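Visitor: heads up, no residue letters with this:
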C-alpha cells in the first residue's frame, strides 16, 4: 500500500502497490493515472480532511483485518509535526489490535502492550552497540525485563517522563524486551559504527 507520495518511491523501485490512497497533494496526477491503468485500487480524499494520509492508510488496514503494519518513510522528512503524528499513531492502533512499526534507515520503532499477549514482548532488531531506548506511554509500565542489553532490568516499573530507560545498548546476541502491564515505545537507533560499516 502507498500513501500519497509514497507511490513515487515505489514506482522508482519497480514495486506496484495493491492500494494507493490520500489527497494526492504531493503526488503527480500522471502517477495516479498510471496506477489506475495498472489495476491499482486508488482511493482519493479531499485535501481538507480530518486525518493525515498515513492515518487513512492504517484505518484501511485495520478495517480489512490486518493486525500488523510497517511504516516506511514516516521519519526524516521536513515536517516534524508529521513525524510526531506518525509516532503517536503507534499507541492508537495497538489499542485497536493493529501493531504498527516504523522502520527508517537508522531507526526502528515499535510499541509493546501488556494488554495483549501477542505484543508484550519483542526481539530487538539491533546489533551490539546499537542504542535502545524505552519510553513509557502510560503513566506506569510494569514488569519490564530486558535481556542482552548493557543495563539490565528485571520486573522493573518505569514512569512516564523518566529518562531511566533512555540510551541503553545492545550487549548480547539476543536482545529482548518484555513487559507485563502498560504501553511502551521502543526506539532502536543504529550506532554510528554500524552505519559506517554498512556504507563501506
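Guide: Perfect, I can see it now. Since the structure is predicted, the reported quantities are computational estimates derived from the model, not experimental observations. Numbers count the residues shown, from 1 in each chain.
Visitor: what's the spacing between the longest helix belonging to the chain and its chain's center?
Guide: Under DSSP state H, the helix in the chain containing the largest number of residues is helix 80-94. Put simply, helix 80-94 sits 8 Å off its chain's centre (C-alpha atoms, centre = their mean, to the nearest Å).
Visitor: Give me the distance between residue 6 and residue 26.
Guide: 10 Å (C-beta to C-beta, to the nearest Å). Yep, even glycine has a C-beta here, placed from its N, CA and C like the rest.
Visitor: between those two, which one's more packed in?
Guide: Of the pair residue 6 and residue 26, residue 6 is the one with more neighbours under other C-beta atoms under 10 Å, namely 23 against 12.
Visitor: Give me the buried stretch members for stretch 107-126, please.
Guide: 108, 109, 110, 111, 112, 113, 114, 119, 120, 122, 124, 126 (16 or more other C-beta atoms under 10 Å).
Visitor: Give me the distance between it and the centre of its chain.
Guide: 11 Å.
Visitor: how about the helices in the chain?
Guide: Ranges of helices in the chain, per DSSP H, are 6-13, 29-37, 53-63, 80-94, 192-199.
Visitor: hey, which of those helices is tucked in deepest?
Guide: Of all the helices of the chain, helix 53-63 carries the top mean neighbour count, a mean of 18, counting by mean count of other C-beta atoms under 10 Å.
Visitor: Check which helices and strands that one sits against.
Guide: In terms of contacts (3 or more C-beta pairs under 8 Å, 6 or more residues apart in numbering; DSSP states H and E), helix 53-63 is packed against strand 2-3, strand 19-22, strand 68-72, helix 80-94.
Visitor: Dump the ones you listed to a markdown table, plus distance to residue 131.
Guide: Listed next are those as a markdown table, based on distance: least, C-beta to C-beta, whole Å:
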| stretch | distance to residue 131 |
| --- | --- |
| strand 2-3 | 28 |
| strand 19-22 | 33 |
| strand 68-72 | 20 |
| helix 80-94 | 17 |
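Visitor: Of all these, which one is nearest residue 52?
Guide: For residue 52, the closest of those is helix 80-94, at 6.0 Å, according to C-beta to C-beta.
Visitor: Taking strand 68-72 as reference, get the angle to that closest one.
Guide: Inter-element angle recorded for helix 80-94 and strand 68-72: 170 degrees (by axes from the mean of the first three to the mean of the last three C-alpha atoms, to 10 degrees).
Visitor: Residue 154 - how many residues pack around it?
Guide: Neighbour tally, residue 154, other C-beta under 10 Å: 10.
Visitor: Make residue 1 into 140 and carry on from there
Guide: Yes, from this point I'll number from 140; that puts the last item at residue 293.
Visitor: Could you report the pLDDT at it?
Guide: With respect to pLDDT, residue 293 has a value of 97.
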